[in-house]
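**Q** What follows is a predicted protein model with its sequence.
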Amino acid sequence: MKVKGTGFFRTEKIDGVWWFVDPDGHLFISKGVNHVSFQGDYCPALGYSPYHRNVQAKYGSEEKWAEATKKRLQSWGFNTIGAWSSSSLFRLMPYTVILNMGAKAGANWLKGTFPDVFSPKFRQVLDDVAAKECSHRKNDPLLVGYFTDNELRWGPDWRSTRHLLDDYLLSFTSDDPGKKELLEFFRKRYQSVEEFSKAWGLNLSNWEELLHLRELPPAPTETAEKQRLSDRVDFLRIVAREYFRACYNAIRKHDPNHLILGVRFAGYAPRSVVEAMEQFVDVVSFNTYAFEPPIKVLKDLHQITGKPVMITEFSFKAMDSGLPNTRGAGQPVSTQKDRADNFERFVTALMKLPYCIGYHWFQWSDQPAQGRFDGENSNYGLVKENDDTWELLTQSMKEVNGKVERIHASKE
């Protein structure tokens, strides 16, 4: 199955079905694994990474580990190195890079903080990141593309109940460009400060007082709540568009050749954000730890943007692993066979969707029983802490990975 090659990975819709196309023109489904890392997960309680200590002793060098790991991945039908992986693998297989652009400009995945995307500092950070990470890769045919960030908080979720409008209003200072952008948004939306004050239950005598506001009263009625939600949604669209536009411009300045693979939505994707990203990404990436692909969500992502979609994190963890599985996304299953069966069901269903062009498993090695940096302690790995293989899972992966192109092409 071959079309025109351009020397770089790209996407194309062929006979109603979306694909990656590799540099030589072969149709390609990205079957990846995240965090294929020689360093493994550092465990604060131990003061070291158990996986790294074990593979250092086993292989003697990162180069030998990388060669062996590549062979194992390919023998199980995987063809892509996913996010957070060791660069020693990048010369051996197609790979992706996560740039963490927003994270390096002030976003925090754990706390859910979001940067001021309107500030010159934000754009400077993005340019610095792209100059460092993208410039030297712009001619690399093995690079599939870039993720701009991972699981940014776009609104109320498990990290905070606040909308980004509230964050910009209450967390930023009067000198911050984001606060001034919000003031301009309200000026255009309301005919007067009196009208705005009435809608938001405030008592402002002029617009400048908004710059110093530090709290918002609750909405007294359902109608008032709907009005405020409308404001929040529309301002989120403005913030999102500026984020994606700035990331796009920074990457394209330093690398005009490779795909922009989206922002790895954390199980939810507000419509206003998806609408804002349309012209600034080549692929929409989505993370989920459900037992089945969220087909309605994926279909909406595709229909809104017109772009293909990929699952960039999914996984199943089992209680027979000996690991606690008390921290980390997803509900644990009972056995390794359950992990294997769930992988087969999930991927088979996903690959029947004509707009889905890849899936990346989280992750290469199990997390430490004592917890990694954020406390996660789960059986997500294809291999154990000592680098031994979870055989039932990887054999199932080998069988499933070997037939997904046929499933995808035929839409069986």
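**A** Structure received.

**Q** Can you tell me the centre-most residue of the chain?
**A** R264 (1.8 Å; Cα atoms, centre = their mean).

**Q** How much space separates that residue from P368?
**A** According to Cβ to Cβ, to the nearest Å, R264 and P368 sit 23 Å apart. For every residue, glycine as well, the C-beta is placed using N, CA and C.

**Q** And for R187?
**A** Distance, R187 to P368, using Cβ to Cβ: 52 Å.

**Q** Settle it for me: which of these two has more neighbours?
**A** P368 (23 against 14; other Cβ atoms under 10 Å).

**Q** was I right about that one contacting G381?
**A** No: P368 is beyond contact range of G381, at 10.9 Å (criterion: Cβ atoms under 8 Å).

**Q** Stretch 283-290: how far from the chain's middle?
**A** For stretch 283-290, the gap between its own C-alpha mean and the chain's C-alpha mean amounts to 7 Å (Cα atoms, centre = their mean, to the nearest Å).

**Q** From one end of it to the other, what's the distance?
**A** With Cα to Cα, to the nearest Å applied, stretch 283-290 spans 21 Å between its terminal residues.

**Q** Going by neighbour count, which residues of that stretch are buried?
**A** 283-289 (16 or more other Cβ atoms under 10 Å).

**Q** out of the residues you listed, which are inside strands?
**A** Among these, the members found in strands (DSSP state E) are 284-287.

**Q** of all those, which comes closest to D15?
**A** V284 (21.3 Å; Cβ to Cβ).

**Q** and the closest one, how far is that from W84?
**A** Distance from V284 to W84, by Cβ to Cβ: 20 Å.

**Q** ok, now S119?
**A** Remark: distance between S119 and W84 (Cβ to Cβ) = 27 Å.

**Q** cool, N386 as well?
**A** Distance from N386 to W84, by Cβ to Cβ: 21 Å.

**Q** how about the strands in the protein?
**A** Counting by DSSP E, the strands of the chain are 10-14, 17-21, 27-28, 30-33, 80-81, 95-98, 143-147, 259-260, 265-266, 284-287, 309-314, 356-361.

**Q** Model confidence for F172, exactly?
**A** Looking at F172, its pLDDT is 89.

**Q** quick one: it and K180 touch, right?
**A** No: F172 is beyond contact range of K180, at 9.0 Å (criterion: Cβ under 8 Å).

**Q** rewinding a little: counting neighbours, go ahead and name the busier of N386 and W84.
**A** More crowded of N386 and W84, by other Cβ under 10 Å: W84, with 19 against 14.

**Q** dump the residue contacts of the more buried one.
**A** By Cβ atoms under 8 Å, 6 or more residues apart in numbering, the residues touching W84 are 34-35, 37, 98, 363.

**Q** any weak-confidence spans in the stretch 201-350 of the chain?
**A** Within the stretch 201-350 of the chain, no range satisfies pLDDT under 70.

**Q** shouldn't the residue nearest to the centre of the chain be in contact with I311?
**A** No: R264 is beyond contact range of I311, at 9.8 Å (criterion: Cβ under 8 Å).

**Q** what do the two both touch?
**A** Contacts common to R264 and I311, judged by Cβ under 8 Å, 6+ apart, are 285-287.

**Q** need those in TSV with distance to P115, can you?
**A** Listed next are the shared contacts of R264 and I311 as TSV, based on distance: Cβ to Cβ, whole Å:
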residue	distance to P115
S285	20
F286	22
N287	20
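
**Q** nearest to T161, of the residues you listed?
**A** Each of the shared contacts of R264 and I311 was checked against T161 using Cβ to Cβ; the closest is N287, at 20.9 Å.

**Q** What's opposite the closest one in the beta bridge?
**A** A266, E313 (DSSP bridges).

**Q** So which residues of the stretch 1-150 of the chain form helices?
**A** Along the stretch 1-150 of the chain, counting by DSSP state H, counting those that start in this stretch, helices occupy 50-59, 62-75, 101-104, 120-133.
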